[in-house]
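Visitor: with the sequence up front, the predicted model follows.
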Amino acid sequence: MDPLANSNWSSPSTVHGFSQSPPNATLLRFIADERSHRPIHRVLDIGCGAARNTGPIADSGMQVLGTDLSWPMLVAAQRRPRSTKGRLDLALAPMEILPARSRTFDVVVAHGIWNLARSGAQFRQAVREAARVCRPGAGLFLFTFSRNTLPADAAPVPGETFVFTQFSGQPQCFLTEEELVLELGSCGFVKDPRGPLTEHNRRRPEDLGAMRGPVIYEGTFRFTPA
């Protein structure tokens, strides 16, 4: 059963588009840099989609688990040609319930997934789950929506702090840098000085009303449990 049946995430056109998308070059450089500093054995890609990133990471010789909530995306990921150097496992699972033992991953990838949380509670549970499966010192690669996507006067969903519907009509998370650092820090993820938190697609104030593509935060964090 596909939990996202009849949604855009499971439509043939969306799945095809994701299956043809190139990997994130910044993410691949981060993985390579991690491997140059310490042994990296297991990687988790939360919301892996059609394996645009998961596949190349596994092909570089690592053991990777990719999770997603769209069955057609996982089917496309499974069909993706890949080498035999590494291992790729796929699982149908939500971001906030990860099918993995605690303290098992050296790197976690949250690429365009946590912004899809429909509430602050879901967002926080997803971050806690990522922290649960991280080994101490694990790296986190984050790609998520910035609050600067929306006009300054946009109001959040009642009862929420950083959940808005103005962008797509559906509840999604748009955090400021301060909120992002605070929320991740509460679960043990601290900003990694080797990889700055960068904001992409930042628009001029006069362009905010156009509501084009989202403004993105991209950066790396380090799991440092208390």
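Guide: That came through, no problem.
Visitor: surely residue 203 is in contact with residue 214?
Guide: No: the pair residue 203 / residue 214 is not scored as a contact, 10.4 Å apart, by Cβ atoms under 8 Å. Any C-beta I mention is one placed from the backbone N, CA and C, and that applies to glycine too.
Visitor: more neighbours, the two?
Guide: Taking neighbours as other Cβ atoms under 10 Å, residue 203 and residue 214 compare with residue 214 leading, 20 against 15.
Visitor: show me what contacts the more buried one?
Guide: When contacts are counted by Cβ atoms under 8 Å, 6 or more residues apart in numbering, residue 214 touches 115, 145, 146, 149, 167, 174, 201.
Visitor: which one of these is nearest residue 129?
Guide: Taking Cβ to Cβ as the measure, residue 129 sits nearest to residue 115 out of these, at 15.8 Å.
Visitor: and residue 179, what does it touch?
Guide: Taking Cβ under 8 Å, 6+ apart, one finds 147, 161, 162 in contact with residue 179.
Visitor: report the secondary structure state of the residue nearest to residue 51 when sequence neighbours are not counted.
Guide: What sits nearest to residue 51 in space, not counting adjacent residues and going by Cβ to Cβ, 6 or more residues apart in numbering, is residue 77, at 3.5 Å. Classification of residue 77 by DSSP: H, G, I helix; E, B strand; the rest coil places it in helix.
Visitor: and for residue 77, the neighbour number?
Guide: Counted with other Cβ under 10 Å, residue 77 comes out at 25.
Visitor: got a quick PyMOL command for the buried subset of the contacts of residue 179?
Guide: To isolate the buried ones among the contacts of residue 179 in PyMOL, judged by 16 or more other Cβ atoms under 10 Å, type:
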select buried, resi 147+162
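Visitor: check the offset of the strand ranked longest in the chain from the chain's centre.
Guide: Longest strand of the chain, by residue count under DSSP state E: strand 134-145. Here strand 134-145 is found 9 Å from its chain centre; the criterion is Cα atoms, centre = their mean, to the nearest Å.
Visitor: buried sites along that strand?
Guide: Buried-residue list, strand 134-145, by 16+ other Cβ under 10 Å: 134, 135, 138, 139, 140, 141, 142, 143, 144, 145.
Visitor: residue 62 versus residue 20, what's the distance?
Guide: 23 Å (Cβ to Cβ, to the nearest Å).
Visitor: more neighbours: the two, which one.
Guide: More crowded of residue 20 and residue 62, by other Cβ under 10 Å: residue 62, with 19 against 10.
Visitor: need the nearest residue in space to the more buried one, chain neighbours excluded.
Guide: Closest to residue 62 by Cβ to Cβ, 6+ apart is residue 86, at 4.9 Å.
Visitor: for residue 201, same thing?
Guide: Using Cβ to Cβ, 6+ apart, the closest residue to residue 201 is residue 215 (4.9 Å).
Visitor: contacts only, for that neighbour.
Guide: Contacts of residue 215 by Cβ under 8 Å, 6+ apart are 145, 146, 148, 149, 199, 200, 201, 202, 203.
Visitor: only the buried members of these: can you turn that into a PyMOL selection?
Guide: Buried members of these, defined by 16+ other Cβ under 10 Å, are picked up in PyMOL with:
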select buried, resi 145+146+148+149
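Visitor: what ranges do the strands span in the protein?
Guide: Using DSSP E, strands in the chain cover 42-46, 63-68, 87-92, 105-111, 134-145, 163-164, 172-173, 189-191, 198-200, 216-223.
Visitor: okay, these in a markdown table with mean pLDDT and distance to residue 181 next?
Guide: As requested, the strands of the chain are arranged in a markdown table below (pLDDT from 0 to 100; distance: least, Cβ to Cβ, whole Å):
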| stretch | mean pLDDT | distance to residue 181 |
| --- | --- | --- |
| strand 42-46 | 98 | 19 |
| strand 63-68 | 97 | 25 |
| strand 87-92 | 96 | 29 |
| strand 105-111 | 98 | 15 |
| strand 134-145 | 97 | 11 |
| strand 163-164 | 98 | 18 |
| strand 172-173 | 98 | 14 |
| strand 189-191 | 96 | 6 |
| strand 198-200 | 94 | 13 |
| strand 216-223 | 97 | 9 |
